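Colleague: pasting a predicted model and its sequence here:
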Amino acid sequence: MQIDFIERKGYVLTRSTLKCLSLVASINPALGCIHQCVYCYARGYSIYPGDGKVLVYGNMPEKLKKELSTRRKLPAYVFFSSTCDVIQPIPQVLRITYELMNILLGYGIGINLLTKGRIPLKFLELFDQYKKLVHVQIGITTLDRDIQKKMEPFAATPQERLLNIKRLRATGIVSEVKLDPLIPGVTDTESNLNALFKVLQGLGVNSTGINYLFLRPKIKKNLCEALRDTPFLQRILGHYKNAISLNLRAEQSRVTALSVEYRKRAYENISRWAKDFGIHAYVCGCKNPDITEEPLCGENWGRHFEKSFEQKALLKEGV
């Protein structure tokens, strides 16, 4: 793995092009990710540095301090990150991420992060100091290590992610779980998800976002390369024979998605299974615009933060 430091030229706080993050302050400390998830849409971005390489914005903490000191209105919270997993096990990424989070929390700005990595103790200690300002989403779709390893070869194991949830709860932070992306015919089965929901119930999880895998040319290529010697590949591709073309970001991004009928039926089933374990499952509108217009990936966004959530004023300046 090649790690290089680069300079951030523009603003640190930006708006994501993803629908559900378009009104939220986002921050991207790095480009590239060691996890190498086969379904990762960021691996198809034009700014992606390529597999085996991570670029870290070394000057970002100082730029963030200056940026916050000159803003008339601060964002209620900041999302980490749409271009990489900020808890990936690379010391340079973890150091910059920690500094950025420490700065934001010191200003009273909430942080929202989604990770499939193992959260270091240092971060847990920081979160413990600002628990009312921290919202953590843990990405996990299966307890089956064999399946997970094929899909997310260098991400944390299912047991390590469950340990994240347990340790966060010990600090008073109830994690949200993201079943994203669900792989049709592989991780969306009743037996797979009920086993997961049972464990999550025991850990106090009460909310989960559900989304299915969508395909772009790069994602399909990565799937074929990573899974060609497994029984999963043809099973997955078979579900996309009746796929549709779907707009995620107006005319800028079209993807191949499972049919509306398949997703609606599956989401209803998954929501019912989750409810049996006291877990509320919701569908993300940014990846299912033909099913729901839920604007911010569900009702839990911003719930844990003390500041009011004023969407239109979040990034009025400097973006």
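Modeller: Cool, got the structure.
Colleague: ranges for the strands of the stretch 201-319 of the chain?
Modeller: Taking DSSP state E, counting those that start in this stretch, the strands of the stretch 201-319 of the chain run over residues 207-212, 244-247, 254-257, 280-283.
Colleague: just those: most buried one?
Modeller: Highest mean neighbour count among these (mean count of other CB atoms under 10 Å): strand 207-212, with a mean of 24. Bear in mind the C-beta positions are built from the backbone N, C-alpha and C, glycine included.
Colleague: and that one, what other elements does it pack with?
Modeller: Of the remaining helices and strands, those touching strand 207-212 by 3 or more CB pairs under 8 Å, 6 or more residues apart in numbering; DSSP states H and E are strand 176-182, helix 260-275, strand 280-283.
Colleague: repeat the analysis, applying 10 Å as the threshold.
Modeller: Packed against strand 207-212 by the contact rule (3 or more CB pairs under 10 Å, 6 or more residues apart in numbering; DSSP states H and E) you find strand 134-139, strand 176-182, helix 190-202, helix 260-275, strand 280-283.
Colleague: tell me the centre residue of the chain?
Modeller: Within the chain, the residue whose C-alpha comes closest to the C-alpha centroid is residue 114; the distance, by CA atoms, centre = their mean, is 3.9 Å.
Colleague: state the pLDDT value of that one.
Modeller: For residue 114, the pLDDT comes out at 95.
Colleague: which SS class is it?
Modeller: With DSSP: H, G, I helix; E, B strand; the rest coil as the basis, residue 114 sits in strand.
Colleague: again with residue 78
Modeller: Secondary structure assignment for residue 78 (three-state DSSP): strand.
Colleague: what about the closest residue to it other than its chain neighbours, how many neighbours?
Modeller: With CB to CB, 6 or more residues apart in numbering as the measure, residue 25 is the residue that lies nearest to residue 78, at 4.6 Å, once sequence neighbours are left out. When neighbours are defined as other CB atoms under 10 Å, residue 25 has 24 of them.
Colleague: from residue 133, how far off is residue 25?
Modeller: Taking CB to CB, to the nearest Å as the criterion, residue 25 is separated from residue 133 by 14 Å.
Colleague: hang on, the earlier thing: any idea what the residue nearest to the centre of the chain is bridged to?
Modeller: Residue 114 forms beta bridges with residue 137, as assigned by DSSP bridges.
Colleague: what pLDDT does residue 286 get?
Modeller: 79.
Colleague: that'll do, ta.
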